Each structure stands twice: as C-alpha cells, then as structure tokens.
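> Okay, predicted coordinates and the sequence, questions at the end:
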Amino acid sequence: MKNDLTEGSLLKKMILFALPVLGANLLQAMYGTVDLMIVGLFTEAAEVSAVSTGSMSMYTITGIVAGITMGCTILMGHNIGRKDYPAAARAIKSGFFLFVIAGIIASVIMILSAPFIAGVMNAPPEAFAQTTAYLRICGGGVILIILFNSLSGIFRGLGDSRTPLLLMIIACVCNIIGDLILVGYFKLGAAGAAAATVGAQGISVLAAAMMIRKKGYGFPAKKSDFKVSTPEMKQILRYGLPMAVQEGLSGISFMVILAVLNNFGVIASAGVGVGEKICGLMFVFHMAFMSAVSAFSAQNVGARKYDRARKCLLIGSAITVGIGLVMFAVTFTGGATLARFFTADQEVCLAAGDYLRSYAIDCIIVGVNFSMMGYLNGHGKTLFVSIQGILATFLVRIPYSFLMSRVPGVSLFQVGFATPLATAFAIVVTVIYLIPFEKKLKKREAEEKAE
C-alpha cells in the first residue's frame, strides 16, 4: 500500500503526514475566522457577536462528527495495519452510511432549534435575530459540512493527508469569494457568512466525490468488498461515539462559557469570540499532530508494532510543546494586535487581548494532552479519552467559569484561565491511566513475541 505508516523513518513520515493535515486544519479554522474578519470589517459589533456565537454551535456539531469519524479512522488503520483490505473497504462504506444518516438528523434538529440554541447561549438582544439566522442557514447545510469532514477523515485513515488539504483549499477559496460577495457587496451580514460557508462545503463535497472516483482508495479490494456491514458499523460506533460525546461536550462547555460571558455585554461577547478564533488558528498545529499520532498509532497497533506507536507519542509531544512555546509568547504579548485582523472596534480588540493573556498558557501544554489522546485513540481506547475530556469539562472548565462570573468586577483575563486549568487536569488523569496501561501492554507484547 502506498501510504503504509508502519515502515520507514517515523519522524520524517509523521512530519510529512502532519503538514497537509496542518494546512487543512488551518484552512478549516479559517472558515469561521474569515467569516468573522469580513463581517467585522463590513458590519457592526452585533453581527460579529452573532457569527462568534453561531459558529461556536457549528464547531460543536463539527466536533461531534469528527469524533465519529475518528472511529472510522481507527478501524481502517487497524485493518490496514493487518493488511485486511476487504475489512477496510467495509469500514469505508459503513462509515459513509452512518455519516449520511447523522447529517440528515443534524440538519433537521438545527433548523428547528435555532431560536432555542440562540436563547440558551444567551445571545445579546441586539444580536439575537442575526444569531438565529446564522444557525438556521448553517443548520440547513450541516449535512454537507458533515459529509465533507467525514470524507476527509476517511482519506486520513487511508494514510492520505494531502487530498483533504486540497479539498480544504477548494472550500476555503469558495468561502472567501462567497463572503466577499454576500457580506461585502450585498451587506447580508451573518446570514451571508452562513450561506457562503454552506455553499463552499457543498462544492468541496462534489470535488471529494470526483477525487475518489478518479484516485480510488490505494489498496487492493473488489467492488463487492465495499458494502454496508453491521459489525463494522458497530465497531465504528464503539470507537467513535465516546469521542463524539467528548467533542460535543467540549463544544458545549465553550458555549456555556460564551453564554456566561454574554451577560457582560456585546463587547465582551465579541471579544471572546475573536479570542476563540485566534486560539482556534493557534491550535491547528496541535490538532495536526494529534491526527498524525492517531493515524500512525492505529496502523502500528494493527501491525503489532507497539514501540513504534510509543515513539509517535513522544515525537508528537516534543514537537507540539516547542511550537506551543512560540505561540504562548506571541499570544500573551500581542493578543490585542492579533485581534485587529478580525475587527476594527478598539474595545473588542482590548477585550480579546485580555482574554488571550491567560488562555495563552494552554498553547504550551495542550499539545501533550492531544498527543496522549491520539496515542490512546490509536489503541482504540476512545472511551477513556472521552471520560477524560468530560471530567475536565464538568469538573474544571465550566465550574471555574461560572464561579469567576459571580465575582464582582471579574476580568476576561481571569475567566480565560478556565481552559489551561482543564487541560492540566486532563494531563494528570491521562498519565495516571497510562502507567498501568503500558505495563499491561508490555506484558502482552512479551507474550506475543514468545509465541
């Protein structure tokens, strides 16, 4: 197979795999970012608040889908590592079937519940109508967003990280053009930004279908191998659902935090929205290496090359910490300056800079957490990864944010500590889990060698 991750230079292959993922993640983060930038340049703070609040909801939906997609990626990685190509083919078809069903359900729910979601997130009164419109339009096209992300996940499970990058370039270019036309020229505000996003995703899904038809899947399999299989669907859900729950609750936690901060007024709401977009751009580096660690670990675990999987974890952690130190310095000292790329409102820039000074700490430590998550995902231990994320969310991030919101005169700088504290907690929990896990794994590894 062309994209075999079980042989060759590990460092070189991981970097070559991660770079296209990085590019794709960066462009994906640019979706909401470009929306926010163009809306901020051509409209007022209420529209910026609507996009930041609405896009957080869409981020949650996308995260849930990414979790289920991870289940397909892991199963494909295990099968490819074992050279069981018919099983890998069944995983592809079964996964795609699940994503279509999930997309239809999610679209209906988002359209019907848009006003409710805007109310739950405590959207400022002057931005409520715009937030609802943004959610309804994105909700109508969420099936396209889900299909795009699922197809990208399937390509990565095959060891191909370049095709998702190309697809994302197509989508991002179309999104920018759509934003400039609908928001810049027609002055449609948040609704125009949502329509541009959905349209761009639709074009990228068509492009993905054409590429699959042209390139194939990169491994030998008969046409009859590609069929919906109940055992494969169950396995995908077994791996993917815990991750979907974890990603969904993580997104909900940020929505809760944003809802709390919306009580501070439209400036704080817009400032946090801009700050989150900046952090989203920063964290694409860490996400890229988490994807690389997951894909590499899955194939090597399938091939029973456990030491190679461990090296993936160490390489991913070392690289992301180094990158994180640079990000910390830039974000801590220049948050307000970075915010000027997204809005001309000076008050919003200062609010974003204040929020980012504490949030910046997470840039250093989150890469270690992501790398450990990727390593355990590769082993199929998605349930623990999900539990770890849920505990960090509901025992640290949300309680801390709520308590800070009750303190008179609290600043966004103080509220921003919620995320790095939650990450530190997650790291401690994961290390405690990894110690006995590695002992059992080494014992099993010795038994397999003896056989």
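The structure has been received and is ready for your questions. Residues are numbered from 1 along each chain as shown.

> Quick one: low-confidence residue ranges for this protein.
1-4, 29-33, 218-219, 251-252, 254-255, 257-264, 451 (pLDDT under 70).

> Just give the nearest non-adjacent residue to the residue most central in space within it, would you?
Most central in the chain under CA atoms, centre = their mean is Gly63, positioned 5.2 Å from the mean C-alpha point. Using CB to CB, 6 or more residues apart in numbering and skipping the chain neighbours, the partner closest in space to Gly63 is Glu247 (3.4 Å). C-beta here means a position set from N, CA and C on the backbone, and glycine is covered the same way.

> Next: Leu395.
Leaving aside its chain neighbours, Leu395 sits nearest to Phe425 (7.0 Å; criterion: CB to CB, 6+ apart).

> quick one: that neighbour and Pro399 touch, right?
No: in this structure, Phe425 is not within contact of Pro399 by CB atoms under 8 Å, at 11.2 Å.

> Tell me which of those two has more neighbours.
Using other CB atoms under 10 Å, the more surrounded residue of Phe425 and Pro399 is Phe425, with 18 against 13.

> contacting residues around that one?
Leu391, Ala392, Leu395, Val396 (CB atoms under 8 Å, 6 or more residues apart in numbering).

> State the distance from the second one to Ser386.
Noted for Ala392: a distance of 11 Å to Ser386, by CB to CB, to the nearest Å.

> The two - which one has more neighbours?
Taking neighbours as other CB under 10 Å, Ala392 and Ser386 compare with Ala392 leading, 27 against 22.

> From Ile398, how far out is that one?
Taking CB to CB, one finds Ala392 at 10 Å from Ile398.

> the helices in the stretch 51-200 of the chain, which residues?
Counting by DSSP state H, counting those that start in this stretch, the stretch 51-200 of the chain has helices at residues 85-120, 128-140, 142-157, 162-179, 189-215.

> Check which helices and strands the first one is in contact with.
Helix 85-120 is packed against helix 45-81, helix 128-140, helix 142-157, helix 230-262, with contacts defined by 3 or more CB pairs under 8 Å, 6 or more residues apart in numbering; DSSP states H and E.

> Alpha carbons only: can I get the second one in CSV?
As requested, the backbone C-alpha atoms of helix 128-140 are provided in CSV (Å, rounded to 0.1, in the frame of the first residue of the first chain):
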residue,chain,number,x,y,z
PHE,A,128,-30.4,37.6,18.7
ALA,A,129,-32.1,37.7,15.3
GLN,A,130,-28.7,37.6,13.4
THR,A,131,-27.6,34.6,15.5
THR,A,132,-30.8,32.7,14.8
ALA,A,133,-30.5,33.4,11.1
TYR,A,134,-26.9,32.2,11.1
LEU,A,135,-27.8,28.9,12.9
ARG,A,136,-30.7,28.2,10.6
ILE,A,137,-28.8,28.6,7.4
CYS,A,138,-25.8,26.6,8.6
GLY,A,139,-28.2,24.0,10.0
GLY,A,140,-29.8,23.6,6.6
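
> Name the residues that touch that helix?
By CB under 8 Å, 6+ apart, helix 128-140 touches 46-47, 49-51, 53-55, 57-58, 106-107, 109-111, 114-115, 117-119, 121, 123, 145, 189-191, 193-195, 197-198.

> picking up where we left off before, will you turn the helices of the stretch 51-200 of the chain into TSV that also has mean neighbour count?
What follows is the helices of the stretch 51-200 of the chain, written out as TSV (neighbours: other CB atoms under 10 Å):
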stretch	mean neighbour count
helix 85-120	19
helix 128-140	24
helix 142-157	26
helix 162-179	21
helix 189-215	20
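
> Including distance to Met14, could those helices go into a markdown table?
Below are these laid out as a markdown table (distance: least, CB to CB, whole Å):
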| stretch | distance to Met14 |
| --- | --- |
| helix 85-120 | 21 |
| helix 128-140 | 34 |
| helix 142-157 | 13 |
| helix 162-179 | 15 |
| helix 189-215 | 23 |
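
> For the stretch 251-400 of the chain, just list every one of the helices.
266-282, 284-302, 306-339, 346-359, 362-378, 382-392, 398-405.

> phi, psi of Gly416?
Backbone torsions of Gly416, given as degrees, to the nearest 10, read phi -60, psi -20.

> who touches it in this structure?
If a contact means CB under 8 Å, 6+ apart, then Gly416 has Gly275, Asp354, Tyr355, Leu356, Arg357, Ser358, Tyr359 as its contacts.

> With adjacent residues omitted, what lies nearest to it?
Gly416 sits nearest to Ser358 (CB to CB, 6+ apart), 3.5 Å away.

> same deal with Gly71?
Gly71 sits nearest to Gly240 (CB to CB, 6+ apart), 2.3 Å away.

> cool, Ala207 as well?
What sits nearest to Ala207 in space, not counting adjacent residues and going by CB to CB, 6+ apart, is Ile170, at 5.2 Å.

> ok, now which ones touch the one you found?
Neighbour list for Ile170: Ile203, Ser204, Ala207 [criterion: CB under 8 Å, 6+ apart].
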